[in-house]
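Enquirer: Sequence first, predicted coordinates after that:
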Amino acid sequence: MERTRKQEISRGVVLFAFNSSKYNYVEMAEYCARRAKSFLDLPTTIITDEESAETITYDFDNIIIVEPDKNNIREHQVWINKGRYQAYELSPYEETLVLDADYVINSDKLLKTFDFSDSFCCHNRTEMLMYPNAPQEFLSSYSYSSLWATVIMFKKSTRAKQIFDALEMVQNNYDHYANIHSFVGGIYRNDYGLTIALKIVNGHSDVPSDYIPWNLVHVGKNTSIYADAPDTFDCKGEEFNTEFTVMYDNWKNSKMRKEYVNIKDMDFHIMNKDLFEGIMNG
Amino acid sequence: MDTKTLIKDAKARFSHNSAKAYLKEKYNSKLVIAEQGGLWRADAQTIALLQALSNQFTITTVLVDTFDNPVEVEITSLLESLTTLYNSVMTEWNEEWKELENKR
């Protein structure tokens, strides 16, 4: 089932959101879509399943229903995160930003990604808020530094199609690649899938223009983040809070000291979904 | 609970080091610009080189961009773009830094 409002859309945001028993990913996608509309002025498409679609309250430009692959278990619960490779076929846009639903947009910075590459780019480095020396994540000690599927920009092209085709192939043979790259398989991770797929397409070398030239900012473990004010939606229009307080438990010599910092107008990705729900609710 | 009360109740201290790191991350990313078929960082080194070449009345040159590609550029227009971007981003950075520096 597909509902399309505009026939000739060239640029937009695609969000994958499948509700789990623990988290309402559709609500997160709606929060992300509102901000994408406001800060990036881009239309949004949600890719979801029949059951999750019933909970949609936001007026997405497109709703695409797919059959979810429920064959991924994390913390004893079904975690529907497979099928990201479908973004290429399902995106109604010539130029697409695929975002994780828990990515918080606070600026128009992502628009720059469309200028960086003719085919594809994603993040290859991360920065943890309040933990500046956090090491980069590797698939394993014997493998590559992880790329991140949190933000992907692609333009419909032969090369982008190859990357997403490779991603499908890696997903379908995940345990095999886990074995080769010495990481624990079982739970499928898009980040790892993308890392391997892109390396295959590039002949196991690096193409600098595949990487967004700034770090993906994470709110990581042991870090909390709170919105300084709630977003407001009323007859006067929508007003989005872009100021947040980040708190971190800094352990030194067996003593814990709480530290905080105020941030504003900065995009970030929240790893802890409970914190994201807190932010959504102001 | 508002964040000010939260900070007070948690007896949290403002981290100037984290603030510095956050500002650096935020504003460094803003210094990147795609222009004339290359990707550039509006940093002191690039601007100084362009300025030096411009002073010699050179019209075009080849620069290695942030993707390590050699790109032929028109010096004056790239210099103007990078200088404008540099000034606006650094002014913003400085203002936010001063704001955060006053926190306790």
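Expert: Received the coordinates, thanks. Residues are numbered from 1 along each chain as shown, chains lettered A, B, ... in the order given.

Enquirer: can you count the residues close to the nearest residue to residue B:35 once chain neighbours are set aside?
Expert: Nearest residue to residue B:35, sequence neighbours excluded (C-beta to C-beta, 6 or more residues apart in numbering or on different chains): residue B:81, at 5.4 Å. From N, CA and C alone the C-beta is placed, and that goes for glycine too. Using other C-beta atoms under 10 Å in any protein chain shown, residue B:81 has 16 other residues around it.

Enquirer: What mean pLDDT does the one helix or strand residue B:81 maps to get?
Expert: Assigned by DSSP states H and E, residue B:81 belongs to helix B:75-101. Averaging pLDDT along helix B:75-101 yields 96.

Enquirer: Give me the packing partners of that helix, helices and strands only.
Expert: Applying 3 or more C-beta pairs under 8 Å, 6 or more residues apart in numbering or on different chains; DSSP states H and E, one finds that helix B:75-101 contacts strand A:255-264, helix B:16-30, strand B:32-35, helix B:44-55, strand B:60-64.

Enquirer: If we use 10 Å, what do you get?
Expert: With contacts defined as 3 or more C-beta pairs under 10 Å, 6 or more residues apart in numbering or on different chains; DSSP states H and E, helix B:75-101 has these neighbours: strand A:255-264, helix B:16-30, strand B:32-35, strand B:38-41, helix B:44-55, strand B:60-64.

Enquirer: Point out where the chain drops to low pLDDT.
Expert: This is for chain A. Within chain A, the stretches with pLDDT under 70 are A:1-9, A:75, A:282.

Enquirer: um, chain B though
Expert: B:1, B:104.

Enquirer: quick one, the helix holding residue B:81 and strand B:60-64 angle?
Expert: 50 degrees (axes from the mean of the first three to the mean of the last three C-alpha atoms, to 10 degrees).

Enquirer: Pop out the phi and psi values for residue A:160.
Expert: phi -60, psi -40 (degrees, to the nearest 10).

Enquirer: Same check on residue A:210?
Expert: phi -80, psi -10.

Enquirer: quick revisit: quick check: buried residues in the helix holding residue B:81?
Expert: B:75, B:78-79, B:81-82, B:85-86, B:89, B:93, B:96, B:100 (16 or more other C-beta atoms under 10 Å in any protein chain shown).

Enquirer: Run the chain-centre distance for it.
Expert: Distance of helix B:75-101 from its chain centroid, counting by C-alpha atoms, centre = their mean, to the nearest Å, is 6 Å.

Enquirer: again with stretch B:97-104
Expert: 19 Å.

Enquirer: Most widely separated two among the buried residues of helix B:75-101?
Expert: Distance extremes for the buried residues of helix B:75-101: the farthest pair is B:75 and B:100 at 36.5 Å, using C-beta to C-beta.

Enquirer: count of residues packed around residue A:275?
Expert: By other C-beta under 10 Å, 16 other residues sit near residue A:275.

Enquirer: what sits against residue A:58?
Expert: Neighbour list for residue A:58: A:26-27, A:29-34, A:37, A:44, A:46 [criterion: C-beta atoms under 10 Å, 6 or more residues apart in numbering or on different chains].

Enquirer: The same query, at a cut-off of 6 Å, please.
Expert: Residues in contact with residue A:58 (C-beta atoms under 6 Å, 6 or more residues apart in numbering or on different chains) are A:30, A:33.

Enquirer: Wondering if stretch A:144-154 reaches chain B at all.
Expert: No - for a cut-off given as C-beta under 6 Å from any C-beta of the partner chain, stretch A:144-154 has no contacts with chain B; the smallest distance is 12.3 Å.

Enquirer: can you list the residues of the stretch 1-150 of chain A near chain B?
Expert: Going by C-beta under 6 Å from any C-beta, the residues of the stretch 1-150 of chain A near chain B are A:115, A:127, A:130, A:132.

Enquirer: residues near the nearest residue to the last one once chain neighbours are set aside, how many?
Expert: When you say that, I think you mean residue A:132. Computed as C-beta to C-beta, 6+ apart, the closest residue to residue A:132 that is not its neighbour in sequence is residue B:21, at 4.2 Å. Residues lying near residue B:21 (other C-beta under 10 Å) number 19.

Enquirer: for chain A, what are the nearby residues on chain B?
Expert: So far as C-beta under 6 Å from any C-beta goes, chain B lies against chain A at B:3, B:7, B:10, B:12-13, B:15, B:18-19, B:21-22, B:25-26, B:29, B:32, B:34, B:66-68.

Enquirer: Helices of the stretch 1-150 of chain A, residue ranges please.
Expert: For the stretch 1-150 of chain A, the helices defined by DSSP state H, counting those that start in this stretch cover A:25-35, A:50-53, A:87-90, A:113-116.

Enquirer: Please convert these to CSV, extending it with mean neighbour count.
Expert: Below are the helices of the stretch 1-150 of chain A laid out as CSV (neighbours: other C-beta atoms under 10 Å in any protein chain shown):
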stretch, mean neighbour count
helix A:25-35, 24
helix A:50-53, 16
helix A:87-90, 18
helix A:113-116, 17
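
Enquirer: quick one: contacts of the strand or helix carrying residue A:277?
Expert: Using DSSP H and E, residue A:277 sits in helix A:273-280. Defining contact as C-beta under 6 Å, 6+ apart, one finds that helix A:273-280 is touched by A:23, A:31, A:102, A:225, A:227, A:270.
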